[in-house]
Structures are given as C-alpha cells and as structure tokens.
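Chemist: Return a 3D structure for these sequence lines:
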Amino acid sequence: MNKYNAKHCLATCMLLVFFAIMSMTPSSAQNATANQIEPQNQASSDSRLGTLLYSDDFSSSKSGWEISTSGDFLAGYKKGAYHITIVPEDYWDGTTAPDLELGDLAVEVEAKKEAGSDDNVYGIWMRNQGNGSFYAFLISSDGYFEYSKKENGTWVTPSNWTKSSAIKTGEEINRLKVVAKGDKIDFYDNDVLLDSYVDSEFKSGWLGLWVGTQSEGNVTIGFDNFKVWSLKD
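Modeler: Okay, here's the model as predicted:
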C-alpha cells in the first residue's frame, strides 16, 4: 500500500470512530462516565442504606466535635479535616460525634496518618454505652485490622490483628465503613468486606472516632467526610 492510501485509510478509520462516539445517546455517555467512577462511590451506594442522617466534612469548627489542646489526647479542626493526636506510647482513646446515639446504622469516614509511626491504631467506635463498653473497628497504617469489644473497661477481642491487602499503608487514605444491623456488624475498608461480628449485648449507643499508639507516641490521624445513614428494613 502506498503512503497516500495508508493515510486515506487512517483518516477514514478516524472518522468512523468519531461518528461512533457522537452517535452515543446521552444516557450511554452518562453510563460510560458512571462506570469509570463507580469504584470510588461504591461504599456510599450500598443498597442497604436508607436516609443520610448526618454528614460532616469538618470544614467548620462549629460542627460540635471535641477540641482538646493539652494533655495526652489532642483534637481539633485543621485544613478541612478533624485531627486527633495521641501523645504517649501504648495509649488509646476516642471522641464521640455530637448527638449521635444510634443502634442500626451505616457509618463511613475517610482517614489517614498525618504524623507518627505506621504501627498505630485508628478507626470507628460504636454503640458506646458510656461506661467503658462499646464495639470498635480499627486498622493500622502498616496494613492490619481488628474488630473489638470493650466491656466495663476490659477489652474482649474476638479477632486478632489481621493483615489485609485492602488496607492502604503509610499516609494513604482509607475509607472505613461499618454496617450494624441487629446483632450483626460488618466491617469494610475501601469497599472490601474484611470481616463480620455477631454479638447482641449492646443494642445502641454513641458513635465516634478512635486513635491509638503502640510502641511509639505522637501519632496524628486526620479524618474527613464522616457520614451516617439509617438502614432499610
């Protein structure tokens, strides 16, 4: 084939591709775009979710979360996120969301390490009874997770720390999600179901965020886009 015919063939093919794209219906084009972004929105499009009950992107310090500027537990708003710093080593603590005392729910938050060791602890606690009794879903920046129950100030741990490739390490963002309905609680990270736990003791309670240190202190975790939904019957 000579150069002229090759160029002519190439031009014809390009025109055919152009007209094929232009002939897509608006709905087809929208579906193509939706398919590209769907993995990023999968957690919040869960078919079990009902009404969005609460949402906070931490852009305003007036949204009601605890602010602490001294001591072992530091917390506050900074650059559109909510930051918790644990100062001592081997120390865990949390804070509750304002006016959220719930039972059945789905909760989601984006979180990442801002400073300190990857051997840390952070996540969500729920059905907090206010007397040292609650459930918690925790991960670490070195790629491990566990779900735990604390009863009257004593940890009862149904699972040991478990490695998962779904957990992003270092300073990457993890999207944590818990779906609690009745006595069954499902734990997700980045749209992946990591495990489930069945326990009927705590029916409802306060909801919040949790951070801890292990062998090294001064760990800071940043949280963003905290959302809570009701669940469909």
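Chemist: Could you give the number of residues near the spatially closest residue to S59 that is not a sequence neighbour?
Modeler: Excluding its sequence neighbours, the residue lying closest to S59 (Cβ to Cβ, 6 or more residues apart in numbering) is G80, at 5.2 Å. All C-beta atoms are positioned from the backbone trio N, CA, C, and that covers glycine. As a burial measure, G80 scores 12 neighbours (other Cβ atoms under 10 Å).
Chemist: And for T213?
Modeler: T213 has 23 neighbouring residues, counting by other Cβ under 10 Å.
Chemist: wait, it sits on E89?
Modeler: Yes: the criterion here is Cβ atoms under 8 Å, and T213 meets it with E89 at 5.2 Å.
Chemist: returning to what we had before: contact partners for the residue nearest to S59?
Modeler: The contact partners of G80, by Cβ atoms under 8 Å, 6 or more residues apart in numbering, come to D57, F58, S59, D224.
Chemist: so where's the chain uncertain?
Modeler: Scanning the chain with the threshold set as pLDDT under 70 gives 1-45.
Chemist: Show me how this protein divides into domains.
Modeler: With automatic domain parsing as the criterion, the domains of the chain are listed as 3-38, 52-231.
Chemist: Switch those domains over to TSV, and while doing so, append distance to D46 to every line.
Modeler: As requested, those are exported to TSV (distance: least, Cβ to Cβ, whole Å):
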stretch	distance to D46
domain 3-38	13
domain 52-231	7
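Chemist: Of those, which stretch is the most buried?
Modeler: Among the domains of the chain, ranked by average contacts under mean count of other Cβ atoms under 10 Å, first place goes to domain 52-231 (a mean of 17).
Chemist: now do the same end-to-end measure for that domain.
Modeler: With Cα to Cα, to the nearest Å as the measure, domain 52-231 spans 9 Å from end to end.
Chemist: Adjacent strands (with direction) for the longest strand seen in the chain?
Modeler: Using DSSP state E to define each element, the chain has its longest strand at strand 219-231. The pairing partners recorded for strand 219-231 under DSSP bridges are strand 49-56 (antiparallel), strand 81-86 (antiparallel), strand 105-115 (antiparallel).
Chemist: want to throw the ones you listed into TSV with distance to S148?
Modeler: Shown next, in TSV, are the strands paired with strand 219-231 (distance: least, Cβ to Cβ, whole Å):
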stretch	distance to S148
strand 49-56	24
strand 81-86	17
strand 105-115	16
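Chemist: And those strands: which comes nearest T157?
Modeler: In terms of Cβ to Cβ, the element of those nearest to T157 is strand 81-86, at 19.4 Å.
Chemist: Please work out which residues outside the closest one touch it.
Modeler: Strand 81-86 is contacted from outside by 56, 58, 65, 72-77, 92-93, 95, 114-115, 122, 209, 211-213, 217-224, 226, using Cβ under 8 Å, 6+ apart.
Chemist: can you check stretch 88-101 too?
Modeler: 53-54, 56, 63-66, 72-73, 75, 84, 86, 121, 125, 128, 136, 204-217, 226, 228.
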